[in-house]
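S.K.: task: produce atomic coordinates for the following.
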Amino acid sequence: MPREPVTRGHATFQSAYPPSEETFAGDIMLRLAGGVWEDTDEIRDHFVETAEDIDDYYPDGPASADDVPAIFDRVLAEYRRVVTDVSYDAAFLTALPELLLSRGIVMSWGDGFDTGEAVEYAAELAEVARDEGYSVRGYAYVHTQDIDRLVMTGHLFVGFGVFGDRDDAAARAIGQEIVDILRAADLPVEWTGSADARIESQPLLYEFPIDD
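M.R.: Got it, this is the predicted structure:
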């Protein structure tokens, strides 16, 4: 299926609870849209456990933890109403870690809040991959803030590098390989060619239905 130009934002922006970091329901929607969870119960439990801490942060915060499940279920139902199909970009990005691993590049997707944490997760993935017989040449990462940005703006940043001592030539080779893979899938790509610059891709549409 050829990739069609992206002409709109995430479908949840047209929902009753658009994704946002400034409202309780919006933050739930943002977490759902990001897809970085084992199942929806994991997200529900997170918001239940943190309800007392975040009550004063959101203007629509729950009165108590007991109110969270009902709020969560309303947001989840709205997500399911507006997102019914997997987008081209989401299907490709979901398959990207496995594709990169086949080339000796481990990818940390949605692990860690920032670059440092994401690279730590990538190192753990590299250990597992080596134990499974893969020859690991480097890593790529997209941390949780990147996932939020992808949902909110359609703008994706992909970091990359090599383990061990700094090797700009080897890192650039990893970066170029990632760029080539993204372009082969018809994703728009921008990269300066520097080992210190992350790869950018925009606009993307990252949507997938939720069944569980």
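
S.K.: could you use CA atoms for every contact and neighbour count after this?
M.R.: Noted.

S.K.: residue 104: how many residues sit nearby?
M.R.: Applying other Cα atoms under 10 Å, we find 19 other residues in the vicinity of residue 104.

S.K.: which residue, other than its chain neighbours, is closest to it?
M.R.: With Cα to Cα, 6 or more residues apart in numbering as the criterion, residue 104 has its nearest non-adjacent residue at 4.4 Å, and that residue is residue 136.

S.K.: element containing that neighbour?
M.R.: Using DSSP states H and E, residue 136 maps to neither a helix nor a strand.

S.K.: so it touches residue 100, yeah?
M.R.: No - checked against Cα atoms under 8 Å, the pair residue 136 and residue 100 is beyond contact range at 10.1 Å.

S.K.: what residues are shared contacts of those two?
M.R.: Between them, residue 136 and residue 100 share these contacting residues under Cα atoms under 8 Å, 6 or more residues apart in numbering: residue 106.

S.K.: which helices and strands does the helix or strand hosting residue 96 pack with?
M.R.: Under the assignment given by DSSP H and E, the secondary-structure element containing residue 96 is helix 88-101. Counting contacts by 3 or more Cα pairs under 8 Å, 6 or more residues apart in numbering; DSSP states H and E, the secondary-structure elements packed against helix 88-101 are strand 105-109.

S.K.: next SSE downstream of the strand it packs on?
M.R.: Beyond strand 105-109 in the direction of the C-terminus, DSSP H and E gives the next helix or strand as helix 115-131.

S.K.: could I get the buried residue list for that following helix?
M.R.: Judged by neighbour count (16 or more other Cα atoms under 10 Å), helix 115-131 contains these buried residues: 115, 117, 118, 119, 121, 122, 123, 125, 126, 129.

S.K.: the last one contacts residue 136, correct?
M.R.: Yes - counting by Cα under 8 Å, residue 129 sits close enough to residue 136 to count as a contact (7.3 Å).

S.K.: quick check: neighbours shared by these two?
M.R.: Residues touching both residue 129 and residue 136 (Cα under 8 Å, 6+ apart): residue 106.

S.K.: averaged pLDDT, stretch 44-64. What do you get?
M.R.: Per-residue pLDDT over stretch 44-64 has a mean of 79.

S.K.: could you give the angle of the helix holding residue 96 to helix 115-131?
M.R.: 50 degrees (axes from the mean of the first three to the mean of the last three Cα atoms, to 10 degrees).

S.K.: quick one: buried residues of helix 88-101?
M.R.: Of the residues in helix 88-101, 88, 89, 92, 96, 97, 99, 100, 101 count as buried by neighbour count, 16+ other Cα under 10 Å.

S.K.: next one: stretch 13-30
M.R.: Those buried within stretch 13-30 under the rule 16+ other Cα under 10 Å are 13, 15, 17-21, 23-30.

S.K.: that concludes my questions; thank you for your assistance.
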